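J.: output the structure for:
(chains A, B and C)
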Amino acid sequence: MAWTVPRTWVPEDVLTASVLNQQIRDNLLETEVAKATSAGRLLTTAGPNSVVMTAPGEVTAATAVTTTSTTPVALSGGPSTTVTHNGGVLILYGARTRITAGTGTDTTYVTFGPAISGTNPEAAKVSASVRVAATDAAMNRFTGHVIHYGDPGTDTIALNYWVSGGGITGEFANRQLLVWPL
Amino acid sequence: MAWNAPITFVNGVLPASQLNQMLRDNMNETAPAKAMNVAGYFVSTGTNAIAEREVLNTSYYERFGTTSTSYVAAVPGGIAIQNVAHSGSLIALWTARMYVFSSPSTTNTACVSCEVTGKTSAADSWATRTVGGDNAFIRGMGFHHFTGLGASTTDQVRMMFRTGAGQSNFSNCELIVFPL
Amino acid sequence: MVWTVPITFVDADPLTAAQLNVFLRDNMLETGPGKATTGARLLTTFGVNQIGERQWARTVLNSTITTTNKEYAVIQDEDDVLYGPTLTVEHGGKCLVFYDANVTSTTGGAAMFGPVFDGDTREAANPASTVNSNVSVTAKAAASARRSGARLGGIMLYTGEPGLLRVDMGYGSINNSSSATYSHRRLSIYPF
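T.: Numbering: from 1, shown residues only, chains lettered A, B, ... in the order given. The predicted structure follows:
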């Protein structure tokens, strides 16, 4: 079923079942009300004359994990999630983090941020990350954001983690990822 | 009024009742019929049902502190948004300037979290936290997708604060809520 | 084209072309699929019985900048080019604004950054919120005084008159003896 541009009626038009099915039945089935199947979803556009209800979702991993990798890696528990979207995704990410070996300075720190695979792959990057240079045992907890966009499709978003090097070990806990299809 | 599954028309008589169901009643369930304000958005409240929602916010700029090691509202009345109407879930985002005022140590933190009062308590797992002291001037941001709340028009969403030890201070707070 | 409150049809009333055009054609064009022109946009309310698309905006500047200004400001370089980033969006009265950056402060003073709306830095300033005894701190800016580099961010909800909104990243350093360095400066806006 697809949307048909609503026709302009003129007097003495014959009102046939096929026309009514196209103009009323099929077009109504393309409206936002017909697309609503469960609560808690957001009305967004899927393309020209097409709407969809999208569901935001949050995934978490509470356990503490560590890494000495200087390139972004996934760690046990992720978190990660796969989302189908129509060209854009708002990604919010957060974690408690600290340096457990080595000393934090302007050039030695730990970092986390989303890596995306699927229709619009993009490696984790500095400009979409949270970075901390603290060694405190209590651990700071900060969050970041990115709007990831590209072709409509399906992307898997996974939190990645890395350190700057220089003998640094990074620890991450209370890991959180919220993905909101746009 | 409710949505009626669009019928398949057949050639013959088109009664007023069908037009009323299909054109009047169904149209009255669509977004333009529900739009009452500006800058709102639409969510599904169930099968074939939508509602207009509005993003809500509140802010509190004054400096305040707490010595509580468990989450408390910390200011009279709390930094809160009342009577949030939603269909069972909402997304909250919050931000605050925060620092450890006294008893600073490597194991102490100033923590800012959020609750849906009486339904989901504030937790460290979605809090923003800093070990920084007075000179740190850290601003943190937190977020959480609260689910399983049950539909309501009277829920309160509130920022909550605690310290690891001693006293932590906070200021320039903002709470933003997206009811779903 | 506008939305018209659907009438109640009565048997034996003639069903005219004019009625079909108003209650079927025109009303259908006001619904979500009637308004959708491209994907990944939010359908928001423009007014009573009016909906429309809103387009989010995002930008990031990875270059490193250093500032020494003590007043929170939208800064230009020596060639009068804005440090940025800058975005302009059309909105219906509210915008969700996210901002992140890598920050370092040289001597431990606060390196601040955050959104400035339509060039008005007064919006960001709140003298009543004094954290340091000698300094007034901007209300909505993110900040880090840690000498060690950090990447932090903030969020705020802008409210104002519907129309075009220009958002610049503003910067400031509240410690008289420090300079602040920023890189990977990201700004995202979700208009309603």
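J.: chain center to stretch C:56-73, what's the gap?
T.: Relative to the chain's own centre, stretch C:56-73 is displaced by 15 Å; criterion: Cα atoms, centre = their mean, to the nearest Å.
J.: for that stretch, list the C-alpha coordinates in CSV.
T.: Listed next in CSV are the C-alpha coordinates belonging to stretch C:56-73 (Å, rounded to 0.1, in the frame of the first residue of the first chain):
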residue,chain,number,x,y,z
TRP,C,56,17.8,18.9,12.7
ALA,C,57,21.2,20.4,12.2
ARG,C,58,24.7,19.3,13.2
THR,C,59,28.2,20.4,12.7
VAL,C,60,31.7,19.7,14.1
LEU,C,61,35.0,21.6,13.7
ASN,C,62,38.0,19.5,14.6
SER,C,63,40.5,22.3,14.5
THR,C,64,42.2,23.5,17.7
ILE,C,65,41.6,27.0,18.9
THR,C,66,43.1,28.8,21.9
THR,C,67,41.4,31.7,23.7
THR,C,68,42.4,34.0,26.4
ASN,C,69,39.2,36.2,26.6
LYS,C,70,37.8,36.5,30.1
GLU,C,71,34.3,37.4,29.0
TYR,C,72,32.2,34.7,27.5
ALA,C,73,32.0,35.6,23.8
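J.: and that stretch with chain B, contact?
T.: No. Judged by Cβ under 8 Å from any Cβ of the partner chain, stretch C:56-73 stays clear of chain B, getting no closer than 12.4 Å. In short, each C-beta sits where N, CA and C put it, glycine included.
J.: again, but for stretch A:161-176
T.: Yes. Residues of stretch A:161-176 are located near chain B by Cβ under 8 Å from any Cβ, namely A:174, A:176.
J.: now residue A:104. Nearest residue, chain neighbours left out?
T.: Leaving aside its chain neighbours, residue A:104 sits nearest to residue A:133 (3.2 Å; criterion: Cβ to Cβ, 6 or more residues apart in numbering or on different chains).
J.: same question for residue A:98.
T.: Nearest to residue A:98 is residue A:139, by Cβ to Cβ, 6+ apart, at 4.6 Å.
J.: need the phi and psi values for the residue nearest to residue A:104.
T.: Backbone torsions for residue A:133, taken as degrees, to the nearest 10, come to phi -120, psi 20.
J.: ok, it touching residue A:99?
T.: Yes. Counting by Cβ atoms under 8 Å, residue A:99 is a contact partner of residue A:133 at 7.0 Å.
J.: re the thing from before, where's the residue nearest to residue A:104 relative to residue B:152, distance?
T.: The gap separating residue A:133 from residue B:152 is 43 Å, by Cβ to Cβ, to the nearest Å.
J.: and those two? Which one has more around it.
T.: More crowded of residue A:133 and residue B:152, by other Cβ atoms under 10 Å in any protein chain shown: residue A:133, with 25 against 17.
J.: now that one: how far from chain B?
T.: Distance from residue A:133 to chain B, counting by Cβ to the nearest Cβ, to the nearest Å: 12 Å.
J.: which pLDDT value goes with that residue?
T.: Confidence at residue A:133, expressed as pLDDT, is 83.
J.: repeat that for residue B:21.
T.: Residue B:21 carries a pLDDT value of 92.
J.: got the contact list for the residue nearest to it when sequence neighbours are not counted?
T.: Closest residue to residue B:21 apart from its sequence neighbours, by Cβ to Cβ, 6+ apart: residue B:4 at 4.6 Å. Neighbour list for residue B:4: B:21-22, B:25-26 [criterion: Cβ atoms under 8 Å, 6 or more residues apart in numbering or on different chains].
J.: nearest to residue A:30 among these?
T.: Each of the contacts of residue B:4 was scored against residue A:30 by Cβ to Cβ, and residue B:26 proved nearest at 12.0 Å.
J.: element containing that closest one?
T.: helix B:26-27 (DSSP states H and E).
J.: where does the nearest residue to residue C:49 once chain neighbours are set aside sit: helix, strand or coil?
T.: The spatially closest residue to residue C:49, leaving aside those adjacent along the chain, is residue C:3, at 4.0 Å (Cβ to Cβ, 6+ apart). State at residue C:3, reduced to three classes by DSSP: H, G, I helix; E, B strand; the rest coil: coil.
J.: now swap in residue C:18 and tell me
T.: On the three-state scheme (three-state DSSP), residue C:18 is labelled helix.
J.: what pairs with the nearest residue to residue B:127 once chain neighbours are set aside across the strands?
T.: Nearest-residue entry for residue B:127: residue B:113, 3.8 Å, with adjacent residues in sequence omitted and distances by Cβ to Cβ, 6+ apart. Taking DSSP bridges as the rule, residue B:113 bridges to residue B:160.
J.: what about residue B:113, distance to residue A:135?
T.: For residue B:113, the distance to residue A:135 (Cβ to Cβ) stands at 24 Å.
J.: ok, residue B:92 next?
T.: 31 Å.
J.: so what pLDDT did the residue of chain B positioned farthest from its centre get?
T.: Computed with Cα atoms, centre = their mean, the residue of chain B farthest from its C-alpha average is residue B:12, at 51.1 Å. pLDDT, residue B:12: 87.
J.: return the residues in contact with it.
T.: Per Cβ under 8 Å, 6+ apart, neighbours of residue B:12: residue A:17.
J.: now it: how far from residue B:5?
T.: Distance from residue B:12 to residue B:5, by Cβ to Cβ: 20 Å.
J.: so, in contact with chain B or not, stretch C:179-190?
T.: No. Contact of stretch C:179-190 with chain B (Cβ under 8 Å from any Cβ) is absent, the minimum separation being 9.1 Å.
J.: any part of that stretch near chain A?
T.: Yes. Shown here: stretch C:179-190 in contact with chain A (Cβ under 8 Å from any Cβ) through C:183-184, C:186, C:188, C:190.
J.: among the residues you listed, which are in strands?
T.: Among the residues of stretch C:179-190 next to chain A, the residues falling in strands (DSSP state E) are C:183-184, C:186, C:188, C:190.
J.: can I get these in CSV with neighbour count, pLDDT and distance to residue C:162?
T.: Output for these, formatted as CSV (neighbours: other Cβ atoms under 10 Å in any protein chain shown; pLDDT from 0 to 100; distance: Cβ to Cβ, whole Å):
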residue, neighbour count, pLDDT, distance to residue C:162
C:183, 18, 92, 34
C:184, 20, 93, 32
C:186, 25, 94, 26
C:188, 23, 95, 20
C:190, 23, 94, 15
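J.: among those, which one lies nearest to residue A:35?
T.: Of all those, residue A:35 sits closest to residue C:190, with 21.2 Å by Cβ to Cβ.
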